[in-house]
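[1] Okay, here's the prediction I keep looking at, along with the sequence it came from:
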Amino acid sequence: MRNKSAKSGRNNRPASQGHPGRKSGLSESERFEICVGAILTQNTSWKNVEKAIESLNRNRMMEPRKLYSAPLIRLSSLIKSSGFFRQKAVKIKRFSEYLLKKHPEGISEWFKNSNPEELRDELFAMYGIGPETADSIVLYAAEKPKFVIDAYTLRIFARIGIFNSPLTKGVVRLRRNGVFKNYHEAQKCFEENLPKDTLMYQEYHALLVKLGKDFCKKKNPLCVGCPIEVLCKKKIQDKK
């Protein structure tokens, strides 16, 4: 049996799983589930994450205190479908512990009283939370404007000529000056050229994810019928 939280978690996908038209005004449990999902989605598909989230909900484990106190071996088995499950179990337990000890006021109040940059820095300082995961939590769980940079975004913008190449070992080359810049510089490109608006960032990122999954695939992209076909530098170069 799927509870409301499990359903909402699938409609509020984190990281590389943006979802067009998602609602705002999340509950405490929904925010927490999105945070857990952002950790689970590291290096795997959302389909695998859904199975892990459903497993946690089915076993009534989707609560900070229960996840923190759960034996590592049990938590690992519940999220096995997400891959790298032992490492992710440790990350989830650490996140839950941090939430319980540092923010007893609850996740909603914590997010409400933090600005995007402060919250992002606090999340990024945690064990197992990198820039993409931190930004996903800020944008989707805290509902604050922070643009998420993921593999879909980098691939698409490399192919249309904005970035010179996809992300490699933590860096991305920007066409504007031809020098290597990091994740934050790629993010800056979007945040300086889009209105600083949470729903705008969510929708923009969600559409990039859909484009990347449906057309701009890593291998054998489907250029015919692609909504941005006329902008694609890769297609033009491949024709030469």
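    Cool, the structure landed.

[2] Would you mind splitting this structure into its domains for me?
    4-141, 151-239 (automatic domain parsing).

[3] Can you verify my assumption that Glu143 contacts Ile137?
    No. Glu143 is beyond contact range of Ile137, at 10.4 Å (criterion: C-beta atoms under 8 Å). In this view, the C-beta of every residue, glycine as well, is placed from N, C-alpha and C.

[4] who has more neighbours, those two?
    Remark: of Glu143 and Ile137, Ile137 carries more neighbours, 31 against 19, as counted by other C-beta atoms under 10 Å.

[5] Distance check, the more buried one against Val148.
    Ile137 sits 10 Å away from Val148, going by C-beta to C-beta, to the nearest Å.

[6] try Leu67
    24 Å.

[7] so what's Cys226 closest to, chain neighbours aside?
    Leaving aside its chain neighbours, Cys226 sits nearest to Phe215 (4.2 Å; criterion: C-beta to C-beta, 6 or more residues apart in numbering).

[8] Please report how far that neighbour lies from Val224.
    9 Å.

[9] neighbour count winner among those two?
    Neighbours were counted for Phe215 and for Val224 using other C-beta under 10 Å; Phe215 has more, 18 against 8.

[10] Next up, the contacts around that one.
    Neighbouring residues of Phe215 by C-beta atoms under 8 Å, 6 or more residues apart in numbering: Pro221, Leu222, Cys223, Gly225, Cys226, Pro227.

[11] My guess is the last one contacts Gly212. True?
    Meaning Pro227. No. Judged on C-beta under 8 Å, Pro227 makes no contact with Gly212 at a distance of 11.8 Å.

[12] who's more crowded, those two?
    Between Pro227 and Gly212, Gly212 has the larger neighbour count (other C-beta under 10 Å), namely 20 against 12.

[13] what distance separates the helix or strand harbouring that one from the middle of the whole chain?
    Here Gly212, judged by DSSP states H and E, is contained in helix 198-214. How far helix 198-214 lies from its chain's middle: 11 Å, per C-alpha atoms, centre = their mean, to the nearest Å.

[14] buried sites along it?
    Under the neighbour-count criterion of 16 or more other C-beta atoms under 10 Å, helix 198-214 has Thr198, Tyr201, Gln202, Glu203, Tyr204, His205, Ala206, Leu208, Val209, Lys210, Leu211, Gly212 buried.

[15] Let's have the residues you listed in JSON lines, adding pLDDT and distance to Glu192.
    Output for the buried residues of helix 198-214, formatted as JSON lines (pLDDT from 0 to 100; distance: C-beta to C-beta, whole Å):
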{"residue": "Thr198", "pLDDT": "97", "distance to Glu192": "17"}
{"residue": "Tyr201", "pLDDT": "97", "distance to Glu192": "13"}
{"residue": "Gln202", "pLDDT": "96", "distance to Glu192": "18"}
{"residue": "Glu203", "pLDDT": "96", "distance to Glu192": "18"}
{"residue": "Tyr204", "pLDDT": "96", "distance to Glu192": "14"}
{"residue": "His205", "pLDDT": "95", "distance to Glu192": "16"}
{"residue": "Ala206", "pLDDT": "94", "distance to Glu192": "20"}
{"residue": "Leu208", "pLDDT": "95", "distance to Glu192": "17"}
{"residue": "Val209", "pLDDT": "93", "distance to Glu192": "21"}
{"residue": "Lys210", "pLDDT": "95", "distance to Glu192": "24"}
{"residue": "Leu211", "pLDDT": "96", "distance to Glu192": "22"}
{"residue": "Gly212", "pLDDT": "94", "distance to Glu192": "22"}
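
[16] Noted, bye for now.
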